[in-house]
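Chemist: Following is a predicted model, sequence given first.
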Amino acid sequence: KTSEFEICYEDFNQNEKFYTKYLGDGLRYELSDFVSTINGHPRGGFKLTRAESIAIADVMEKFLAWRSSTPIEEGIVIG
């Protein structure tokens, strides 16, 4: 299960690690794809709809804006 992620920079001394609780094991995504296929709306192998992808990009942009103004110590648990 994914419980950590790392932001890597060219200077590895600046790399940052973040830890978070993972809220599932992927089953909900498999079920979503299965139901979409049954209903005749396969997503062409993509796990996200366009709207979901745009929403995730928006969240990432907000995080990066927040992150640039709020220093975090390496190894902090978020969430």
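Modeler: Ah, there it is.
Chemist: Which stretches in the chain count as helices?
Modeler: 27-38, 50-69 (DSSP state H).
Chemist: Including mean pLDDT, mean neighbour count and distance to Phe12, could the ones you listed go into a markdown table?
Modeler: All C-beta atoms are positioned from the backbone trio N, CA, C, and that covers glycine. Below are the helices of the chain laid out as a markdown table (pLDDT from 0 to 100; neighbours: other Cβ atoms under 10 Å; distance: least, Cβ to Cβ, whole Å):
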| stretch | mean pLDDT | mean neighbour count | distance to Phe12 |
| --- | --- | --- | --- |
| helix 27-38 | 72 | 11 | 32 |
| helix 50-69 | 84 | 10 | 19 |
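Chemist: For Glu4, which of those helices is the nearest?
Modeler: helix 50-69 (15.9 Å; Cβ to Cβ).
Chemist: Can I get the closest one in CSV, CA atoms only?
Modeler: What follows is helix 50-69, C-alpha atoms only, in CSV (Å, rounded to 0.1, in the frame of the first residue of the first chain):
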residue,chain,number,x,y,z
ARG,A,50,-11.4,14.1,-17.6
ALA,A,51,-13.2,16.0,-14.8
GLU,A,52,-11.5,13.9,-12.1
SER,A,53,-8.1,14.5,-13.7
ILE,A,54,-8.7,18.3,-13.8
ALA,A,55,-9.9,18.2,-10.2
ILE,A,56,-6.7,16.4,-9.1
ALA,A,57,-4.5,18.9,-11.1
ASP,A,58,-6.4,21.7,-9.2
VAL,A,59,-5.6,20.1,-5.9
MET,A,60,-2.0,19.7,-6.8
GLU,A,61,-1.7,23.3,-7.9
LYS,A,62,-3.2,24.5,-4.6
PHE,A,63,-0.9,22.2,-2.6
LEU,A,64,2.2,23.6,-4.5
ALA,A,65,1.0,27.2,-3.8
TRP,A,66,0.5,26.3,-0.1
ARG,A,67,3.8,24.4,0.0
SER,A,68,5.8,27.3,-1.4
SER,A,69,4.5,29.6,1.5
